[in-house]
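> 3D model of this:
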Amino acid sequence: MPRETRDMVGVDVTDSTIQRAERTVDVIEQMTKGDDQQKVYVERLKESRVELFELIHDVYQIWLAELHHVKSNFIEPRIWKTTLRIYGEQFYDSIDAIVKREESQLRAANFFGTAIIAVNVTLLSAAIVTILMAGFLWYTYAVSIKKPLQHLIENGRLLSLQYPLLKALPDSDEFGKLDALLHLTSQEIAEALARERAVIDNAADLICIVDEDLKFFLVNSFSLKLLGVAPDQLLGTFVNSHASAEQSFLADEFLRNTIGLSDLNVFELRLITASSQTVETRWTCSWSASERKLFCVVHDVTEEKRVEQLKQDFTDMISRDLRSPLISMCSSLRAIENGSTGEIPADAKIAVSRCGKNVNRLLALVDDLLDFQKLKAGKMELVLEPSSIQSIIQDAVELVTETVKNKGVKLILPEGETVLNVDRNKLTQTCVNLISNAVKFSEPGGEVIVDLLTEDGFYSLCVSDCGPGVPEGFAAKIFEPFEQAPSSKAKEGTGLGLAICKLIVEAHGGTISVGDNMHGGKGSTFMVTLQM
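Numbers count the residues shown, from 1 in each chain. Sure, this is the predicted structure:
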């Protein structure tokens, strides 16, 4: 059989051609694998391929038979022509559908590729615009925000250091308004500091700051008046270098003891001026933990000390130069009054008796001064022993019995037995002073009530009178030496009785106070409180 022949429709029907067509269909099937829509067309293509190729093979056999004048039993030409047309159309329709599907997918792929390129271009453009906008915003921030903000920060720092501020920003925006507020604050702080400095410089005390090395760190101008040394000359010098030689170590001790304390420390120190004069000073010091420095106010108490010394000299003079002569006078007058030196007229006896009473008053004053001096100096020792408070009150009443009878005052005393560890003689002296004062200031026929109260481990001895009472604002001063309540009867005492009572009570670790009459009505109540 010839290698290559043609059918009546001009189709290559060699076996190799059919095999190539079958392989092509197989390739198409592999390429469209996984695509459900293409699968339908591929199945139809395979079906039409089988039928079409069988039909072509039959036609080819008929053609061969006719060529060799052989009679065949194949179908009629009319029938296979129709069949060939049907399967041929189906075959090519399937191929056409597959081709169109592939073209559609190719167009879609091209569309998506184009879209991706467009998106990439858009994103790149957006990135470029974003970078340009970021640069513009950074420039705007640097010009309109960062620089003013840095300006404000620097002005805030300068304000905290109390340095001059930078030039004010224009107040057209919020930064300018805030900067104007900083300048206003700086101005007000400067004015407040100037006022404070003026007060400190014009103070009548030396105001200074001492560092941890006990050197002057800051001093006001009063140093020139107090020590004769200018403030700038004091700065950096040790405090003890300006103290007297005998108190140089005390100065260090007092100041070092103040470091770390939360309370004020008050002490006295003797300083030496530039002209080698002595100045008595009282220091009030406070430690600042945050500043690590001592803030001190130094008050000149030289005149105060001089007055105290005058009082002390006066007291010494009275006790030394008056007591002995008074005792001698008292003894002599008593002998004359008793007739030991011979009989005297009645009128002279009355005069001697009156003179003896006045001498006794002077002697009592001297004794009070001596007691006060010893108590004030802490030189009087207490003899503590268990004693009945009611018994002490009774002893005091016996010493003022004559005064009570002459005044016509009724005494109401506490009952029972209360024993405390006290100095019997000193507490008796306290009771005598309190009861005699109550009787003296009470109205004739009135009552003086003595109470003994117990509360929270303390005993309170209360003496209430029905007198005019203690004037408002005088309650604190009434226990000071030589202080007496304004009254027509004030001149009857020495002015030391209540001061001595206060010192005796405080020596026992107690307190003394005065208030309104605890029983109601007019008058006062003096209360002595002692621990059990």
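> Gly499 - nearest residue in space that isn't next to it in sequence?
Not Gly; residue 499 is Ala. Pro481 (4.2 Å; C-beta to C-beta, 6 or more residues apart in numbering). Every residue, glycine included, has its C-beta placed from N, CA and C.
> now do the one you found against Ser524, distance only.
From Pro481 over to Ser524 the distance is 20 Å, taken as C-beta to C-beta, to the nearest Å.
> which one of these two has more residues nearby?
Ser524 (24 against 18; other C-beta atoms under 10 Å).
> what sits against the more buried one?
Applying C-beta atoms under 8 Å, 6 or more residues apart in numbering to Ser524 gives the contacts 464-465, 467, 469-470, 514-517.
> repeat that for 10 Å
437-438, 441, 463-470, 475, 478, 485, 514-518 (C-beta atoms under 10 Å, 6 or more residues apart in numbering).
> please list only the buried members of those residues.
437-438, 441, 463-470, 478, 485, 514, 517 (16 or more other C-beta atoms under 10 Å).
> check whether the most centrally placed residue in the chain sits in a helix, strand or coil.
Centroid-nearest residue in the chain, with C-alpha atoms, centre = their mean: Ser290, separated by 11.9 Å. Secondary structure, DSSP: H, G, I helix; E, B strand; the rest coil: Ser290 is coil.
> least confident of the buried ones among the contacts of Ser524?
The member of the buried ones among the contacts of Ser524 with the lowest pLDDT is Ala485, at 66.
> show me the strands in this structure, by range?
Assigned by DSSP state E, the strands in the chain fall at 206-210, 216-219, 265-272, 278-288, 293-300, 384-388, 410-412, 419-423, 447-455, 458-464, 511-516, 524-531.
> returning to what we had before: per-residue pLDDT, the residue nearest to Ala499?
77.
> check the one 10 residues further on too.
According to the predicted model, the pLDDT of Lys491 comes to 51.
> likewise Thr403?
Reported pLDDT for Thr403: 83.
> thinking again about what came up before, and the residue nearest to the centre of the chain, its phi and psi?
phi -70, psi -40 (degrees, to the nearest 10).
> before we move on, the earlier item: turn the strands of the chain into a markdown table, including distance to Ser241.
Formatted as a markdown table, those follow (distance: least, C-beta to C-beta, whole Å):
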| stretch | distance to Ser241 |
| --- | --- |
| strand 206-210 | 12 |
| strand 216-219 | 10 |
| strand 265-272 | 9 |
| strand 278-288 | 14 |
| strand 293-300 | 15 |
| strand 384-388 | 46 |
| strand 410-412 | 64 |
| strand 419-423 | 46 |
| strand 447-455 | 54 |
| strand 458-464 | 49 |
| strand 511-516 | 42 |
| strand 524-531 | 46 |
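> between those strands, which gets nearest to Leu158?
strand 216-219 (21.5 Å; C-beta to C-beta).
> what count of nearby residues applies to the closest residue to Pro170 other than its chain neighbours?
Excluding its sequence neighbours, the residue lying closest to Pro170 (C-beta to C-beta, 6+ apart) is Gly176, at 4.9 Å. The tally of other residues near Gly176 (other C-beta under 10 Å) stands at 16.
> make residue 1 into 59 and carry on from there
Yes, from this point I'll number from 59; that puts the last item at Gly234.
> ok, now which ones touch Gly234?
Here Gly234 is in contact with 206, 209-210, 226-228 (criterion: C-beta under 10 Å, 6+ apart).
> what's the farthest-apart pair in those residues?
Leu210 and Pro228 (13.2 Å).
> where does pLDDT dip in the stretch 409-558 of the chain?
For the stretch 409-558 of the chain, applying pLDDT under 70 flags the ranges 437, 543-552.
> if you set the cut-off to 90 instead, what comes out?
Applying pLDDT under 90 to the stretch 409-558 of the chain picks out residues 409-441, 453-467, 472-478, 481-484, 486-487, 490-491, 494-495, 498-504, 512-516, 524-558.
> kindly report the same for the stretch 259-408 of the chain.
Looking at the stretch 259-408 of the chain by pLDDT under 90, you get 259-262, 318-321, 362-408.
> which residues of it fall in helices?
For the stretch 259-408 of the chain, the helices defined by DSSP state H, counting those that start in this stretch cover 280-284, 289-292, 306-316, 360-379, 381-396, 404-435.
> for the longest one, packing partners?
Helices and strands touching helix 404-435, by 3 or more C-beta pairs under 10 Å, 6 or more residues apart in numbering; DSSP states H and E, are helix 360-379, helix 381-396, helix 482-499, helix 555-565.
> can you point out the buried residues in it?
410, 414, 417, 420-421, 423-431, 433-434.
> closest to Leu368 out of the strands of the chain?
Of all those, strand 336-346 comes closest under C-beta to C-beta, at 14.0 Å.
> what strands flank the closest one, and is each parallel or antiparallel?
Strands adjacent to strand 336-346 in the sheet, as given by DSSP bridges, are strand 323-330 (antiparallel), strand 351-358 (antiparallel).
> can you list the ones you listed in JSON lines and add distance to Thr243 and mean neighbour count?
As requested, those are exported to JSON lines (distance: least, C-beta to C-beta, whole Å; neighbours: other C-beta atoms under 10 Å):
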{"stretch": "strand 323-330", "distance to Thr243": "35", "mean neighbour count": "17"}
{"stretch": "strand 351-358", "distance to Thr243": "25", "mean neighbour count": "19"}
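> mind putting these into a markdown table with distance to Arg314?
Formatted as a markdown table, these follow (distance: least, C-beta to C-beta, whole Å):
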| stretch | distance to Arg314 |
| --- | --- |
| strand 323-330 | 10 |
| strand 351-358 | 10 |
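> nearest to Ile174, of those?
strand 351-358 (75.0 Å).
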